[in-house]
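S.K.: Got a sequence here, can you build the structure:
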Amino acid sequence: MENKNILIAVTGGIAAYKACELVRLLVKNDLTVKVMMTQNAVKLVSPLTFKVLSKNQVCTDDFLPETDGSATHIALAKWAGAVVVAPATANTIGKFVNGIADNFVTTTLMAVPETTPLFFAPAMNDNMWNNVFVRENMKKLAVRKSCHVIGPESGMLADGSSGIGRMSEPGAIMECLGKVIAN
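M.R.: Prediction:
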(Lines give C-alpha, C1' and ligand atoms only; values in the text may rest on other atoms or scores of the structure.)
Protein backbone atom coordinates (compact mmCIF):
# COMPACT_ATOMS: atom_id res chain seq x y z
CA MET A 1 0.00 0.00 0.00
CA GLU A 2 1.50 3.26 -1.13
CA ASN A 3 -0.54 5.44 1.24
CA LYS A 4 -0.34 3.96 4.72
CA ASN A 5 -2.82 6.46 6.15
CA ILE A 6 -5.95 4.87 7.61
CA LEU A 7 -8.93 6.95 8.71
CA ILE A 8 -11.23 5.25 11.21
CA ALA A 9 -14.82 6.46 11.61
CA VAL A 10 -16.30 5.36 14.93
CA THR A 11 -20.07 5.64 15.10
CA GLY A 12 -22.51 5.30 17.99
CA GLY A 13 -22.94 1.56 18.36
CA ILE A 14 -22.01 -0.36 21.49
CA ALA A 15 -19.36 -2.15 19.39
CA ALA A 16 -17.37 1.11 19.46
CA TYR A 17 -15.16 -0.51 22.09
CA LYS A 18 -13.90 -2.94 19.41
CA ALA A 19 -12.61 0.00 17.38
CA CYS A 20 -10.00 0.57 20.11
CA GLU A 21 -8.43 -2.81 19.38
CA LEU A 22 -8.64 -2.16 15.62
CA VAL A 23 -6.73 1.11 16.00
CA ARG A 24 -4.14 -0.64 18.17
CA LEU A 25 -3.64 -3.37 15.54
CA LEU A 26 -3.29 -0.85 12.71
CA VAL A 27 -0.70 1.19 14.58
CA LYS A 28 1.16 -2.01 15.53
CA ASN A 29 1.37 -2.77 11.79
CA ASP A 30 3.11 0.57 11.11
CA LEU A 31 0.08 2.31 9.65
CA THR A 32 -0.69 5.94 10.42
CA VAL A 33 -4.15 6.14 11.95
CA LYS A 34 -6.48 9.05 12.52
CA VAL A 35 -9.87 8.69 14.16
CA MET A 36 -13.10 10.63 13.76
CA MET A 37 -16.13 10.02 15.95
CA THR A 38 -19.81 10.82 15.89
CA GLN A 39 -21.27 12.56 18.93
CA ASN A 40 -23.01 9.29 19.88
CA ALA A 41 -19.71 7.39 19.69
CA VAL A 42 -18.17 9.89 22.11
CA LYS A 43 -20.83 8.84 24.65
CA LEU A 44 -19.55 5.25 24.47
CA VAL A 45 -15.73 5.58 24.21
CA SER A 46 -13.61 8.55 25.17
CA PRO A 47 -11.81 10.40 22.36
CA LEU A 48 -8.78 10.39 24.68
CA THR A 49 -8.60 6.59 24.34
CA PHE A 50 -8.31 6.89 20.56
CA LYS A 51 -5.87 9.79 20.84
CA VAL A 52 -3.53 7.70 22.96
CA LEU A 53 -3.88 4.57 20.78
CA SER A 54 -3.50 6.39 17.44
CA LYS A 55 -0.97 8.99 18.62
CA ASN A 56 -3.06 11.59 16.73
CA GLN A 57 -5.76 14.11 17.50
CA VAL A 58 -9.30 12.79 17.26
CA CYS A 59 -11.93 14.69 15.28
CA THR A 60 -15.30 14.96 16.99
CA ASP A 61 -16.49 18.46 16.20
CA ASP A 62 -18.61 19.54 13.25
CA PHE A 63 -16.93 22.95 13.18
CA LEU A 64 -13.20 22.34 13.20
CA PRO A 65 -10.65 24.91 12.10
CA GLU A 66 -9.20 24.68 8.61
CA THR A 67 -6.10 22.55 7.99
CA ASP A 68 -3.57 23.78 5.41
CA GLY A 69 -6.19 25.97 3.76
CA SER A 70 -8.72 23.12 3.44
CA ALA A 71 -11.69 22.41 5.65
CA THR A 72 -10.76 19.59 8.05
CA HIS A 73 -13.22 17.10 6.55
CA ILE A 74 -11.76 17.69 3.08
CA ALA A 75 -8.18 17.46 4.32
CA LEU A 76 -8.88 14.16 6.13
CA ALA A 77 -10.69 12.71 3.11
CA LYS A 78 -7.70 13.51 0.89
CA TRP A 79 -5.20 12.28 3.50
CA ALA A 80 -6.73 8.81 3.84
CA GLY A 81 -5.38 5.88 1.87
CA ALA A 82 -8.35 3.88 3.16
CA VAL A 83 -11.33 4.59 5.42
CA VAL A 84 -12.89 2.11 7.85
CA VAL A 85 -16.30 2.75 9.44
CA ALA A 86 -16.33 0.56 12.56
CA PRO A 87 -18.84 0.12 13.95
CA ALA A 88 -21.05 1.08 11.04
CA THR A 89 -24.50 1.71 12.48
CA ALA A 90 -27.73 1.53 10.50
CA ASN A 91 -27.97 5.30 11.01
CA THR A 92 -24.57 6.13 9.49
CA ILE A 93 -24.94 3.65 6.63
CA GLY A 94 -28.37 5.09 5.80
CA LYS A 95 -27.07 8.65 5.86
CA PHE A 96 -24.06 7.83 3.68
CA VAL A 97 -25.92 5.94 0.95
CA ASN A 98 -28.61 8.60 0.79
CA GLY A 99 -26.18 11.52 0.59
CA ILE A 100 -26.94 12.95 4.03
CA ALA A 101 -23.95 14.78 5.48
CA ASP A 102 -25.17 16.21 8.77
CA ASN A 103 -22.22 15.49 11.07
CA PHE A 104 -18.44 15.46 10.83
CA VAL A 105 -18.22 11.73 10.02
CA THR A 106 -20.84 11.71 7.25
CA THR A 107 -19.51 14.95 5.80
CA THR A 108 -16.01 13.48 5.64
CA LEU A 109 -17.28 10.21 4.15
CA MET A 110 -19.00 12.17 1.37
CA ALA A 111 -15.68 13.89 0.57
CA VAL A 112 -13.65 10.65 0.26
CA PRO A 113 -12.49 10.22 -3.37
CA GLU A 114 -14.23 7.42 -5.30
CA THR A 115 -10.93 5.58 -5.74
CA THR A 116 -10.16 5.40 -2.01
CA PRO A 117 -11.08 2.03 -0.47
CA LEU A 118 -13.97 2.46 1.94
CA PHE A 119 -14.78 -0.32 4.44
CA PHE A 120 -17.97 -0.69 6.46
CA ALA A 121 -18.13 -3.07 9.45
CA PRO A 122 -21.87 -3.17 10.29
CA ALA A 123 -22.93 -3.59 13.91
CA MET A 124 -26.55 -3.61 15.03
CA ASN A 125 -29.35 -5.69 16.48
CA ASP A 126 -30.48 -8.58 14.27
CA ASN A 127 -33.92 -7.02 13.77
CA MET A 128 -32.25 -3.85 12.55
CA TRP A 129 -29.90 -5.81 10.26
CA ASN A 130 -32.87 -7.68 8.76
CA ASN A 131 -34.98 -4.53 8.34
CA VAL A 132 -35.97 -4.07 4.69
CA PHE A 133 -34.65 -0.51 4.62
CA VAL A 134 -31.26 -1.48 6.05
CA ARG A 135 -31.06 -4.30 3.47
CA GLU A 136 -31.81 -1.79 0.69
CA ASN A 137 -29.13 0.55 2.03
CA MET A 138 -26.59 -2.28 2.10
CA LYS A 139 -27.32 -2.90 -1.60
CA LYS A 140 -26.68 0.78 -2.26
CA LEU A 141 -23.18 0.47 -0.76
CA ALA A 142 -22.29 -1.94 -3.57
CA VAL A 143 -22.84 0.85 -6.11
CA ARG A 144 -19.52 2.38 -5.04
CA LYS A 145 -16.82 0.22 -6.63
CA SER A 146 -14.26 0.87 -3.89
CA CYS A 147 -16.68 -0.01 -1.08
CA HIS A 148 -16.23 -3.19 0.97
CA VAL A 149 -18.53 -4.62 3.65
CA ILE A 150 -16.97 -6.69 6.42
CA GLY A 151 -19.54 -8.76 8.32
CA PRO A 152 -21.66 -8.66 10.31
CA GLU A 153 -21.21 -11.90 12.24
CA SER A 154 -23.68 -14.09 14.09
CA GLY A 155 -23.48 -14.61 17.84
CA MET A 156 -24.36 -12.98 21.13
CA LEU A 157 -25.61 -9.41 20.65
CA ALA A 158 -25.42 -6.53 23.11
CA ASP A 159 -29.07 -6.94 24.13
CA GLY A 160 -28.38 -10.53 25.24
CA SER A 161 -30.07 -12.19 22.28
CA SER A 162 -28.30 -14.27 19.68
CA GLY A 163 -28.40 -13.49 15.97
CA ILE A 164 -26.68 -11.74 13.11
CA GLY A 165 -25.46 -8.20 13.64
CA ARG A 166 -22.23 -8.47 15.64
CA MET A 167 -19.41 -6.33 14.33
CA SER A 168 -16.60 -8.47 12.94
CA GLU A 169 -13.64 -8.87 15.23
CA PRO A 170 -10.79 -6.36 14.77
CA GLY A 171 -8.44 -9.09 13.52
CA ALA A 172 -10.90 -10.05 10.77
CA ILE A 173 -11.32 -6.40 9.77
CA MET A 174 -7.54 -6.00 9.70
CA GLU A 175 -7.21 -9.10 7.51
CA CYS A 176 -9.79 -7.85 5.00
CA LEU A 177 -8.24 -4.40 4.95
CA GLY A 178 -4.82 -5.91 4.33
CA LYS A 179 -6.03 -7.97 1.37
CA VAL A 180 -7.63 -5.01 -0.36
CA ILE A 181 -4.94 -2.40 0.25
CA ALA A 182 -2.12 -4.81 -0.64
CA ASN A 183 -3.34 -4.88 -4.25
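S.K.: Okay, now the unreliable bits of the protein?
M.R.: 1-3, 62-70, 182-183 (pLDDT under 70).
S.K.: Which residue ranges of it form strands?
M.R.: Along the chain, the stretches classed as strands by DSSP state E are 5-10, 32-37, 58-59, 82-88, 118-122, 147-149, 153-156, 162-166.
S.K.: which other helices and strands contact the fourth one?
M.R.: Using 3 or more C-beta pairs under 8 Å, 6 or more residues apart in numbering; DSSP states H and E as the contact criterion, the elements in contact with strand 82-88 are strand 5-10, helix 16-28, helix 90-97, helix 104-111, strand 118-122, helix 170-182. Every residue, glycine included, has its C-beta placed from N, CA and C.
S.K.: again, only this time at 6 Å
M.R.: strand 5-10, helix 16-28, strand 118-122 (3 or more C-beta pairs under 6 Å, 6 or more residues apart in numbering; DSSP states H and E).
S.K.: can you check the first one too?
M.R.: Using 3+ C-beta pairs under 6 Å, 6+ apart as the contact test, the elements touching strand 5-10 are helix 16-28, strand 32-37, strand 82-88.
S.K.: Packed most tightly, which of these would that be?
M.R.: Highest mean neighbour count of these: strand 82-88, a mean of 27 (counted as mean count of other C-beta atoms under 10 Å).
S.K.: Note down every partner strand of that strand and its orientation.
M.R.: With DSSP bridges as the test, strand 82-88 is paired with strand 5-10 (parallel), strand 118-122 (parallel).
S.K.: What residues sit buried inside stretch 112-126?
M.R.: Residues Val112, Thr116, Pro117, Leu118, Phe119, Phe120, Ala121, Pro122, Ala123, Met124, Asn125, Asp126 are the ones in stretch 112-126 that count as buried (16 or more other C-beta atoms under 10 Å).
S.K.: And the residues you listed, which two are furthest apart?
M.R.: Thr116 and Asp126 (30.7 Å; C-beta to C-beta).
S.K.: Using TSV, lay out the strands paired with strand 82-88 together with distance to Asn130.
M.R.: Below are the strands paired with strand 82-88 laid out as TSV (distance: least, C-beta to C-beta, whole Å):
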stretch	distance to Asn130
strand 5-10	24
strand 118-122	12
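S.K.: Could you point out which of those sits nearest Ala71?
M.R.: Smallest distance to Ala71 across the strands paired with strand 82-88 (C-beta to C-beta): 15.0 Å, for strand 5-10.
S.K.: tell me the angle of the closest one relative to helix 104-111?
M.R.: Going by axes from the mean of the first three to the mean of the last three C-alpha atoms, to 10 degrees, strand 5-10 is angled at 140 degrees with respect to helix 104-111.
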